[in-house]
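Novice: Sharing a sequence plus its predicted fold:
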Number of protein chains: 2
Amino acid sequence: MNIKPTIYDIAREAGVSTATVTRVVRHDPHVKEATRLKVQQVIDAHAYTPSISAQNLNGNRSRTLAVVLPVISNLYFNRILDAAYWEAEKNGCCIRLFQTMENQAISPELVSELIRCRMDGVLFAGSIWSEDRRDLNAALEKLGKYMPVATICPPDVSLECICIQSDLVNCSRLPVRHLHTLGHRRIAFLGGSMHSKDTSRRGSGFLEQLRKMDLPDDPAYHVDAGYDMESGERAVLRMLSGLEPTHWPTAIVTFNDLVALGVMKQLKKMGLTLPQDMAIIGCDNQFFCAYTDPSLTSVDLHPEEMAQSAVRELLLARESSSRSFAIVRDATLVVRESCGAHLGYRRL
Amino acid sequence: MNIKPTIYDIAREAGVSTATVTRVVRHDPHVKEATRLKVQQVIDAHAYTPSISAQNLNGNRSRTLAVVLPVISNLYFNRILDAAYWEAEKNGCCIRLFQTMENQAISPELVSELIRCRMDGVLFAGSIWSEDRRDLNAALEKLGKYMPVATICPPDVSLECICIQSDLVNCSRLPVRHLHTLGHRRIAFLGGSMHSKDTSRRGSGFLEQLRKMDLPDDPAYHVDAGYDMESGERAVLRMLSGLEPTHWPTAIVTFNDLVALGVMKQLKKMGLTLPQDMAIIGCDNQFFCAYTDPSLTSVDLHPEEMAQSAVRELLLARESSSRSFAIVRDATLVVRESCGAHLGYRRL
DNA sequence: CCGAAAAGTGAAACCGATAACATTTCCCAA
DNA sequence: TTGGGAAATGTTATCGGTTTCACTTTTCGG
């Protein structure tokens, strides 16, 4: 393997000191035009670029932000990573990815790895906050001593960091209100895991909405259904087989679009026609929503914009004396066919 | 922001030299037990970990592999990134992601950034090879002087690097043969862009298969259709409206599953029943294939395993004097409903 | 034509580790 | 006791830059 030319090589060949080479590279104005030209020529000739490692060592930074999330194969997190990537790129930073899988906690190993690598900031996305709050805040506090920390998290979690919060109230309210407007009264919620703060928050927001609109909040309409298609299939089967068909809900709201995909498949297998026999609303507005049959009405939490804000705030926080604060990003309902809106008002 | 303790702090407090601290950290056996204990205690007390930047500078490496791909939002590349991540993780490396978007070329900026960051290796995935072969090989050769290079590429591209090749012959052959077995004679190919080597290779493999099986290879059955759902919709509409219904193909093979999604939507919109009126086979075997309606038969190129091999070979190549060579990964046809196989033999 | 401020440049310390080499300490056989 | 080799530890150069500070050269008003 070749050896890259170093600043010394350039300095020697240009007949100047390394300091001058640095000045030329950094576009320092305190260099005579003649010198600049001469040095630049040597730089170009050797395609010299300063070593990142040396710069990092010197500056005690890495120009790298860590993004910690459960899995990138989940499209919600995929979108977060993508948006974070471009926002970081725009600011001359790069992203170091950490996948924690289903591991809900921030492990001590992760914390020390982040510090060790002199990350310029860290963004947590996903349900890290489902752990014991004290442990979590302790870990965040420790991290916060070394780098700015941001989380994309449910509202009112009040972690001691930059909290980019999704609007889970509207995330529950929008679909319920929409279905109510369409005449639905028995509405079920499928998805997530009730052990997770994330879901229970969504779930309770959902129940709250039902009560506000004076709709039945039968616990049988409120089922754990994991986060993917298979669990969606199983959950809807479990829920319906436990109920008299006359008591079946007429609409189902799911934790995310993957669960909705599974639910739709299972319902069709049971011979139901969608959305006539059952309205469905998903969450995340993923790319395939417009291409399911029927196309899937979904809530968009705008993960891209949350990730963008997070990265921006992280980079800003390095400059200013960062404080912990929260930004709430609104939710949007994207109406397609699966809720039956195109069929008009439906039943009493 | 806190300052991490350095090896000097530890050495001073433990009353030893930095060399000894290094030895303790590196589990060097040449340390008296008493000394080890004393040093370890100080290390633990301060939660000391050596600085990555300093290690990198010293070792002239970064413990980082670059993964260059068009976009992570495309699930094919998403799977590659995911697999590369875990394989690297397993080997104590991390991944630095570069997204090139539709930019087909390896830009000189990218090359120098890779060198500048002392990447331990680089994996290219996607259609970088669509550019002028000489430029490409020049860039790869330059890169190859500084780090091992691997590509996940079509076969017989013969780049001077580690080539992990997908089995595009079977990728074309498997669906054509399967459809032929089911009785189809007029089979169309939709997708990609004929400007891309990737597609034209797939396309010509497809044509070759048609001829081998003595099936019509009408150019009208062979249409540019981009890489996503929208372009799939448009392409199938364009193709069919240019043909007498009696000359319509009875089956469509698409460049990938996203295009297939668009095709299916458009065909349904036109009132066709799938798969009775038109059989569809996609490519990539993405997670949603089992959840479309009808579920989508698809070719799996096993991107995860290709990424895994690539990372493994890159890390090996650092040790041995790396050579350029190729590994071909086979393709698999995953039969579901959209090809109509479950309906049995179909027509003469 | 002189002197002071401004502009340009270089020497050297430093960032935080590693590793080759040097030195000290220890133990045991002669 | 002492000499010698192994074990333990320290010294120092090095990785490739950046930055401070001091020094030299210009520039220009008086």
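Specialist: Structure received. If you're wondering where the values come from, they're calculated on a predicted model, not measured in any experiment.

Novice: tally of neighbours for A:His30?
Specialist: Counted with other CB atoms under 10 Å in any protein chain shown, residues neighbouring A:His30 total 6. Every C-beta, even on glycine, is put in place using the N, C-alpha and C of the backbone.

Novice: which residues touch it?
Specialist: A:Arg23 (CB atoms under 8 Å, 6 or more residues apart in numbering or on different chains).

Novice: And A:Glu89, by the same measure?
Specialist: So A:Glu89 contacts nothing (CB under 8 Å, 6+ apart).

Novice: Tell me the pLDDT of it.
Specialist: Predicted confidence (pLDDT) for A:Glu89: 93.

Novice: So it: helix, strand or coil?
Specialist: helix (DSSP: H, G, I helix; E, B strand; the rest coil).

Novice: Over to A:Leu57?
Specialist: Relying on three-state DSSP, one would call A:Leu57 helix.

Novice: Against B:Pro50, how distant is it?
Specialist: 12 Å (CB to CB, to the nearest Å).

Novice: where along the stretch 51-200 of chain A do the helices fall?
Specialist: For the stretch 51-200 of chain A, the helices defined by DSSP state H, counting those that start in this stretch occupy A:52-59, A:75-90, A:108-116, A:133-144, A:168-181, A:197-212.

Novice: in chain A, which helix or strand is least confident?
Specialist: Lowest by mean pLDDT, DSSP states H and E among the helices and strands of chain A is helix A:197-212, with a mean of 75.

Novice: Looking at A:Leu57 and B:Pro50, which is more packed in?
Specialist: Higher neighbour count among A:Leu57 and B:Pro50: A:Leu57, with 20 against 17, using other CB under 10 Å.

Novice: residues touching that one, list them.
Specialist: Taking CB under 8 Å, 6+ apart as the criterion, A:Leu57 is in contact with B:Ser51, B:Ser53, B:Ala54, B:Asn56, B:Leu57.

Novice: Now, of the residues you listed, which are buried?
Specialist: Buried by 16 or more other CB atoms under 10 Å in any protein chain shown: B:Ser51, B:Ser53, B:Ala54, B:Asn56, B:Leu57, out of the contacts of A:Leu57.

Novice: between the helices of the stretch 51-200 of chain A, which gets nearest to A:Ile162?
Specialist: A:Ile162 lies closest, by CB to CB, to one member of the helices of the stretch 51-200 of chain A: helix A:133-144, at 9.8 Å.

Novice: and the closest one, what does it pack onto?
Specialist: Helices and strands touching helix A:133-144, by 3 or more CB pairs under 8 Å, 6 or more residues apart in numbering or on different chains; DSSP states H and E, are helix A:108-116, strand A:149-153.

Novice: Can I get the ones you listed in JSON lines including distance to DNA strand D and mean neighbour count?
Specialist: Listed next are the helices and strands packed on helix A:133-144 as JSON lines, based on distance: least, CB to the nearest atom of the strand, whole Å; neighbours: other CB atoms under 10 Å in any protein chain shown:
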{"stretch": "helix A:108-116", "distance to DNA strand D": "17", "mean neighbour count": "17"}
{"stretch": "strand A:149-153", "distance to DNA strand D": "25", "mean neighbour count": "27"}
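
Novice: still on that earlier bit, could you pick out which of the buried ones among the contacts of A:Leu57 are near DNA strand C?
Specialist: B:Ser51, B:Ser53, B:Ala54, B:Leu57 (CB under 7 Å from any atom of the strand).

Novice: Quick one: residues contacting the third one.
Specialist: Going by CB under 8 Å, 6+ apart, B:Ala54 touches A:Leu57.

Novice: gap between it and A:Gln40?
Specialist: With CB to CB as the criterion, B:Ala54 and A:Gln40 are 30 Å apart.

Novice: Same question for the last one.
Specialist: When CB to CB is applied, the distance between B:Leu57 and A:Gln40 equals 25 Å.

Novice: Please enumerate residues in contact with stretch A:319-330?
Specialist: With CB under 8 Å, 6+ apart as the criterion, stretch A:319-330 contacts A:148, A:155, A:158-167, A:170, A:301-302, A:305-306, A:309, A:313, A:316.

Novice: if we can go back for a sec, can you tell me which of the buried ones among the contacts of A:Leu57 is nearest DNA strand D?
Specialist: B:Leu57 (4.2 Å; CB to the nearest atom of the strand).

Novice: just checking, A:Pro148 touches A:Ala310?
Specialist: No: assessed by CB atoms under 8 Å, A:Pro148 is found out of contact with A:Ala310, at 10.0 Å.

Novice: Between the two, which contacts overlap?
Specialist: What both A:Pro148 and A:Ala310 touch, as defined by CB under 8 Å, 6+ apart, is the set A:Ile162.
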